[in-house]
Structures are given as structure tokens and as C-alpha cells.
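Peer 1: generate a structure from the sequence data that follows.
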Amino acid sequence: MRKSVLAAAFGVAACSLVLAQPLRAEQKLYNEYGPQFENCGDDSLARAIKDGITLGESNVAPHSMLDPATNKASGIDVEINQAVTDWLGIKDVRYEWPQWAEEIPSLLSKRTDVIAQNIHVNPERVKVISFSGPAWWYGPVVLVEKGNPDGIKSYDDLKGKDVGALAGSAAEAYLRRIGANTTTFKSEVEELQSLNQGRVKYVVEDDVVFTVFDKANPGHKIEALWGIAAPDDVIFGGGYGAARYGFRKEDCMLRTAYSVALGELRNNGTVSAILKKYGLSDRNLVWFKLNP
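Peer 2: Numbering: from 1, shown residues only. Predicted coordinates for the structure are as follows:
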């Protein structure tokens, strides 16, 4: 009896494994970034633990913010980096606040030790800096009038339509690729207020940017279509890959330690809790939450 039960159970398990194989084969996997261990063995982690570390932030809500009255730093990236440095045992944590365009020059000139304002992999950046493992993710969200009167159900529905986007953004580049007529804006505030006031009917913007606007403008007339999946070509090399942190290429040990810490903090719920504190969700933990 026992043997027959075990055999039956094994048979069911084996069948399940066979059935599961095609699903795994069909799953699309994408590696943003390959190994870079050429310089490991350096003393960058030991120096950070002994002498402290300087993090570069850029005062962009909700990623990183500096309160001028208290000189206190807050934000998603600030809290994630603080959790990482705590995990690594780095006691002395200092901040510099370069403009975004100065983040890489500040790192390379050793004004900072980490680009702690999240930064995305692209071919040009890989030439000059290295990247941590994934920290979190934010992507585009389609924004429409409340009630979605035109029944937008996918990014394809935006083809041929006039759609607002920030000039030079990944969203603008994607909209042009699919044949939308882009209306570009110089700032997120101008863009979102134009939608709110009916001057444009649709906008594609970073979800984190919208969460800040949503909180600051409770009576607005904008609806975020959270259920629309981000297209693969926006994620894979399209500007909306994983949010990571940047390092000098020679600081391999520090980068490797950061990556291990991020893996632990994502796994134990720390990163998830930080995201939720700032109005996000586990959708922003891994991109495939909306791309099953």
C-alpha cells in the first residue's frame, strides 16, 4: 500500500515536472548586466568600514530628498542605502547632493563613493562605471482622464494618438517608436497639470513621479491605469530596467558587498517595506509583477 501511494505521488510529481517544463521554456529571461569581477580583491569595502562612505543623492522626490530646515535626508534611495550600509557595518555615512548630470563626474572624481540616487544600466554608462545588483524597479504608467472615457486598455491603444511625455525621457522614445504623436514637456509638473486641466488626454510617466503628484494633489482628475503591463521593449534596454547604484570600476569589493546586501534586504522584506512607505507596492520590487 505504502509503495503504491509513494509511486502514485511520485508519478504525480513527475507529471507536474514534465508539465512545468514548457512553461519555464516559454518564460522570457533577460540579463541587464554581466559579471565584472576583474578588480575584486581591492580594499574599497575595508576602507568604507574603517573611514566611512559618501553617498551621492540628487534631491529628486521620492527617490531622495533633503529637508533644508533640518538638513535631514529621506526618500526611497536614501533609506535603501542606509539599510545597506547598516547591514555592511559602515558606521560613518555622509551625503553629497550633486545635480543628476554631475553624479557620474562626482563619483569618478572621488567626491562621492556611490551613486546612491538610483541609476539604470545603458551601454554608455557601462563604459565608465559599474553597477550594483538590482535594488528596486519603477516603470511607466499610462495616465488618462478619470473614468478612462476612451477605454485605453494597452500601450498599443496609444498609437496615432496625441500623448504627453517628458522631453528626452524613455517614455517619449517609446511613444515615438510605436507611432504616437508626442506632446513633450520640460517638467513633470507641467506635463501632469496639462493632463489634469484637459490640455492633453493621455500621458505616459514614471509611476513614482505620479505617486508624488497624486499625494500632493488629492482633488486631481487623473486616473492611473495600473493594470496595463509595461511592454517588454520598454524594460529590456528601453530605459526602464532595474534601479541600481553606481560605483567606480576599481571598487569591486564595495560593489559586490552592496549587491549581496541588496539581495538580502530584498529577500527579507526591507526593500518592500520602504517602497510601501512611499506609496509604492511590490509591483516596484521586480518588473515582472505586471508581466507574468
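Peer 1: from now on I want contacts and neighbour counts done on CA atoms only, so please keep to that.
Peer 2: Will do.
Peer 1: contacts only, for the residue nearest to L158 when sequence neighbours are not counted.
Peer 2: Distances taken as C-alpha to C-alpha, 6 or more residues apart in numbering place A180 nearest to L158, at 6.0 Å, with adjacent residues excluded. Counting by C-alpha atoms under 8 Å, 6 or more residues apart in numbering, A180 makes contact with L158, K159, G160, K161, D162, V163.
Peer 1: a strand runs through the last one, doesn't it?
Peer 2: What it means is V163. Yes - remark: V163 belongs to a strand, assigned using DSSP: H, G, I helix; E, B strand; the rest coil.
Peer 1: can you verify D156 is assigned to a helix?
Peer 2: Yes - secondary structure of D156 (three-state DSSP): part of a helix.
Peer 1: so how far is L195 from it?
Peer 2: To L195, D156 is 20 Å away according to C-alpha to C-alpha, to the nearest Å.
Peer 1: all strands for this protein, in order.
Peer 2: Remark: strands assigned in the chain by DSSP state E are 53-56, 65-67, 72-74, 93-96, 114-119, 130-131, 140-145, 162-166, 181-185, 202-206, 222-224, 244-247.
Peer 1: export those as CSV, with columns for mean pLDDT and distance to N268.
Peer 2: Below are the strands of the chain laid out as CSV (pLDDT from 0 to 100; distance: least, C-alpha to C-alpha, whole Å):
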stretch, mean pLDDT, distance to N268
strand 53-56, 98, 23
strand 65-67, 93, 25
strand 72-74, 95, 21
strand 93-96, 97, 23
strand 114-119, 96, 20
strand 130-131, 97, 22
strand 140-145, 96, 26
strand 162-166, 95, 35
strand 181-185, 95, 39
strand 202-206, 96, 26
strand 222-224, 98, 29
strand 244-247, 98, 18
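Peer 1: export those to a markdown table and append columns for mean neighbour count.
Peer 2: Listed next are these as a markdown table, based on neighbours: other C-alpha atoms under 10 Å:
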| stretch | mean neighbour count |
| --- | --- |
| strand 53-56 | 23 |
| strand 65-67 | 16 |
| strand 72-74 | 14 |
| strand 93-96 | 16 |
| strand 114-119 | 25 |
| strand 130-131 | 25 |
| strand 140-145 | 24 |
| strand 162-166 | 24 |
| strand 181-185 | 18 |
| strand 202-206 | 26 |
| strand 222-224 | 20 |
| strand 244-247 | 24 |
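Peer 1: G263: which of those strands is closest?
Peer 2: Smallest distance to G263 across those (C-alpha to C-alpha): 11.8 Å, for strand 244-247.
Peer 1: partner strands of that closest one and their direction?
Peer 2: Using DSSP bridges, the strands paired with strand 244-247 are strand 114-119 (antiparallel), strand 130-131 (antiparallel).
Peer 1: in JSON lines: the ones you listed, plus distance to D77.
Peer 2: Output for those, formatted as JSON lines (distance: least, C-alpha to C-alpha, whole Å):
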{"stretch": "strand 114-119", "distance to D77": "6"}
{"stretch": "strand 130-131", "distance to D77": "15"}
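Peer 1: so which of the ones you listed gets nearest D233?
Peer 2: Of all the strands paired with strand 244-247, strand 114-119 comes closest under C-alpha to C-alpha, at 18.4 Å.
Peer 1: in PDB, could you pull the C-alpha coordinates for the closest one?
Peer 2: This file holds the C-alpha atoms of strand 114-119, laid out as PDB (Å, rounded to 0.1, in the frame of the first residue of the first chain):
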ATOM      1  CA  VAL A 114      28.500  55.600  -4.500                       C
ATOM      2  CA  ILE A 115      25.900  56.900  -6.900                       C
ATOM      3  CA  ALA A 116      23.100  56.300  -4.400                       C
ATOM      4  CA  GLN A 117      20.500  58.000  -6.500                       C
ATOM      5  CA  ASN A 118      19.300  55.000  -8.500                       C
ATOM      6  CA  ILE A 119      20.800  54.700 -11.900                       C
END
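Peer 1: next one: that strand to chain centre, how far?
Peer 2: With C-alpha atoms, centre = their mean, to the nearest Å as the basis, strand 114-119 stands 11 Å off its chain's centre.
Peer 1: going forward, begin numbering at 50 instead of 1
Peer 2: Taking 50 as the first residue, the last one we looked at is strand 163-168.
Peer 1: ok, and what's touching that strand?
Peer 2: Residues outside strand 163-168 that contact it (C-alpha under 8 Å, 6+ apart): 103-107, 112-113, 126-127, 130, 152-153, 156, 292-297.
Peer 1: can we see that at 7 Å?
Peer 2: Outside strand 163-168, the residues that touch it by C-alpha atoms under 7 Å, 6 or more residues apart in numbering are 103-107, 112-113, 126, 130, 152, 156, 292-296.
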